[in-house]
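Peer 1: what would the 3D arrangement of this be:
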Amino acid sequence: MEQVSDADVISASLTDAAAFGRIFDRHATVLHRFLVRRVGPVEADALLGELFFIAFEKRSSFDTSRDSSRPWLYGIGTNLIARHRRSEERRLRALSRLAAQRQPAHDLAAQVSGAIDASIAWDVVVSGLASLPESERDTLVLFAWESLSYAQIADSLDIPIGTVRSRINRARSRLRELNPGTGEQPDNNHGSVEL
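Peer 2: From the prediction side, this is the model:
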């Protein structure tokens, strides 16, 4: 059985509002994960509801020439997150402190060493992300953590694909300047990278 595209579902929801539930069913889990990474689990739950409420209210403006609504939904989510910037930065710094205090489950030397390395790496990631300008952070997170292609990011943020490329390039350069020992990141426009 051929799956109906998101565009078809959204078009159908204009006359049958309940049809929009299929969009939620298809994308809520991935978008919730995205929101949790950005604002934490408590706020993510509320933002997920708000995201789909906004999407439902704006469904008539969805570009039905696009099969997938995921980039459009990421764009709505990114705009919602922009309202929570200060709390996001505080949360990232708190996570960094918690990671530094975390104790390993077992007292084995390898686990202790791994936990320390992970704590240090997470602290570098948190500091690096927090230091990026908002537009570069949004673009890099969609690319590296959410595995969106450059084209999907451009759709999500409503910016030209060249702007996506330059923002990711500038963000990578800034992060390398903060931690010059990390080396080059893979440069592709369709896969994820580790920060």
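Peer 1: distance of residue 59 from residue 15?
Peer 2: 11 Å (CB to CB, to the nearest Å). In this view, the C-beta of every residue, glycine as well, is placed from N, C-alpha and C.
Peer 1: flag the shaky bits of the chain, pLDDT-wise.
Peer 2: Applying pLDDT under 70 to the chain flags residues 1-2, 85-89, 91, 99-126, 179-195.
Peer 1: let's see 50
Peer 2: Low-confidence segments of the chain (pLDDT under 50): 118, 182-195.
Peer 1: quick one: the helices in it?
Peer 2: Taking DSSP state H to define them, one finds helices in the chain at 6-13, 21-39, 41-57, 70-82, 85-101, 109-131, 134-144, 150-157, 161-178.
Peer 1: and these as a markdown table, adding mean neighbour count and distance to residue 64?
Peer 2: Formatted as a markdown table, the entries for these read as follows, by neighbours: other CB atoms under 10 Å; distance: least, CB to CB, whole Å:
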| stretch | mean neighbour count | distance to residue 64 |
| --- | --- | --- |
| helix 6-13 | 18 | 4 |
| helix 21-39 | 18 | 13 |
| helix 41-57 | 16 | 14 |
| helix 70-82 | 21 | 11 |
| helix 85-101 | 14 | 32 |
| helix 109-131 | 15 | 35 |
| helix 134-144 | 22 | 23 |
| helix 150-157 | 21 | 13 |
| helix 161-178 | 17 | 21 |
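Peer 1: look at residue 59 and residue 15 and report which has more neighbours.
Peer 2: Per other CB atoms under 10 Å, whichever of residue 59 and residue 15 has more neighbours is residue 59, with 20 against 7.
Peer 1: now the more buried one: closest residue in space that isn't a chain neighbour?
Peer 2: What sits nearest to residue 59 in space, not counting adjacent residues and going by CB to CB, 6 or more residues apart in numbering, is residue 10, at 5.2 Å.
Peer 1: got the contact list for the one you found?
Peer 2: Residues counted as contacts of residue 10 (CB atoms under 8 Å, 6 or more residues apart in numbering) are 20, 23, 59, 62, 64, 69.
Peer 1: ok, and the closest non-adjacent residue to the fifth one?
Peer 2: Going back to what we said before, that points to residue 64. For residue 64, the nearest residue in space outside its immediate sequence neighbours is residue 7; the separation is 4.2 Å by CB to CB, 6+ apart.
Peer 1: so who does the one you found touch?
Peer 2: Residues touching residue 7, when contacts are defined by CB under 8 Å, 6+ apart, comprise 62-67, 69.
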